[in-house]
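A.B. asks: Curious how this folds, go ahead:
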Amino acid sequence: MGKIFEQLLKSRLEFYLEKNSLLPSNQFGFRRRKSSRESIAFLHLDIFKAMENKEVIFSIFFDIVGAFNNVNLHVLAAESRSLAIPEKIVKWIFNFIHERRVFAKVNNNNNTIIGPRLSYKGVCQGGILSPHIFILYIFKLNNNLGSNVTNLLYADDLVIYASGTNVKNLVTTLNEALKKLHIYFSYLNLDISTEKSKVVIFNIIRPFNTRIIYNNTFLPIESCAKFLGVIFTNNLSWTKYVNSISDRASKAFNVLKKELIQKYY
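C.D. replies: Model (predicted):
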């Protein structure tokens, strides 16, 4: 019954949000006509246009730590009400995920079950409703970065970027945006892994020293980053991505070949 109710709740919430155009157009994932392919194409086109215009584009690819696990349910309820979502739906969502009973199975000789434990925050990993709740939770992201910064969000995969001809101004713009992002994420009880997040500077021929800072920590500047499984290099070449696919295919083929040899020879 729980899964059926979750599916009904997801459909109702999705219908209400899309019908009333409450979500920004740059929030992708688990929305109609907002697939990962559209998100990747959107980012690629913006980078390509900036390079064609002889502009530099700074992109920051973020790793959000335990995004779904750290959703504050009271903040979620407040954000939902700010969108004028019917109170009945808000209460349904809150009551459905509040004080969930959690069990853990230990893989020992006895297959011990630990629990139940009550969970007071977060949404279910792999739950039908969870991605939609997170999109709803973070829908004000656009209002907390500044007008000169673009962001793309696919569930909990986030990239923000800015382009222009003046590198110094771009660095200042992004650092100001990151200050605002840190304040907003603190309110949402979310955090960024500064070690796993990456800065990629497109259309720069020669490397140079610059500092992109999040919460008093320098973010690493890399020559490439992966977004939704696709590798974006700073010269917008697809060689590295194609090679990675080729390597995975070769490994899979070798495993299959080994199994066939063992079976038939």
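A.B. asks: can we go C-alpha only for contacts and neighbour counts from here?
C.D. replies: Will do.
A.B. asks: Compute the mean per-residue pLDDT across the host helix or strand of Arg81, please.
C.D. replies: Using DSSP states H and E, Arg81 sits in helix 73-82. The average pLDDT within helix 73-82 is 91.
A.B. asks: and it, which residues are buried?
C.D. replies: Leu73, Leu76, Ala77, Glu79, Ser80 (16 or more other Cα atoms under 10 Å).
A.B. asks: doesn't Val90 make contact with the last one?
C.D. replies: Yes - with contacts counted by Cα atoms under 8 Å, Ser80 reaches Val90, the gap being 6.5 Å.
A.B. asks: Who are the packing partners of the strand or helix carrying Arg12?
C.D. replies: Assessed by DSSP H and E, Arg12 sits inside helix 2-19. Judged by 3 or more Cα pairs under 8 Å, 6 or more residues apart in numbering; DSSP states H and E, the packing partners of helix 2-19 are helix 87-97.
A.B. asks: Just the C-alphas of the helix it packs on, formatted as PDB.
C.D. replies: What follows is helix 87-97, C-alpha atoms only, in PDB (Å, rounded to 0.1, in the frame of the first residue of the first chain):
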ATOM      1  CA  GLU A  87      -2.000  22.100   2.600                       C
ATOM      2  CA  LYS A  88      -3.400  18.600   2.200                       C
ATOM      3  CA  ILE A  89      -0.500  17.600  -0.100                       C
ATOM      4  CA  VAL A  90       2.100  19.300   2.200                       C
ATOM      5  CA  LYS A  91       0.800  17.300   5.200                       C
ATOM      6  CA  TRP A  92       0.600  14.100   3.200                       C
ATOM      7  CA  ILE A  93       4.300  14.400   2.200                       C
ATOM      8  CA  PHE A  94       5.400  15.400   5.700                       C
ATOM      9  CA  ASN A  95       3.500  12.500   7.400                       C
ATOM     10  CA  PHE A  96       4.600  10.000   4.800                       C
ATOM     11  CA  ILE A  97       8.300  10.500   5.400                       C
END
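A.B. asks: What residues sit buried inside that helix?
C.D. replies: Ile89, Val90, Ile93, Ile97.
A.B. asks: Averaged pLDDT, that helix. What do you get?
C.D. replies: Regarding helix 87-97, the rounded mean pLDDT is 84.
A.B. asks: repeat for stretch 224-242
C.D. replies: Stretch 224-242 shows a mean pLDDT of 90.
A.B. asks: Measure how far the lengthiest strand in the chain is from the centre of its chain, please.
C.D. replies: Ranked by residue count under DSSP state E, the longest strand found in the chain is strand 56-65. Relative to the mean C-alpha coordinate of its chain, strand 56-65 is positioned 11 Å out (Cα atoms, centre = their mean, to the nearest Å).
A.B. asks: Numbering from 11 from now on, please.
C.D. replies: In the new numbering, first residue 11, that becomes strand 66-75.
A.B. asks: now for that strand, which elements pack on it?
C.D. replies: Here strand 66-75 touches helix 46-62, strand 167-174, strand 201-202, strand 208-212, strand 234-237, going by 3+ Cα pairs under 8 Å, 6+ apart.
A.B. asks: The same query, at a cut-off of 6 Å, please.
C.D. replies: strand 167-174, strand 201-202, strand 208-212 (3 or more Cα pairs under 6 Å, 6 or more residues apart in numbering; DSSP states H and E).
A.B. asks: For the stretch 161-275 of the chain, give me the ranges with low pLDDT.
C.D. replies: 214-218, 275 (pLDDT under 70).
A.B. asks: what about the helices in it?
C.D. replies: 177-198, 249-274 (DSSP state H, counting those that start in this stretch).
A.B. asks: and those helices, which is most packed in?
C.D. replies: For those, the largest average neighbour count (mean count of other Cα atoms under 10 Å) is found in helix 177-198, namely a mean of 17.
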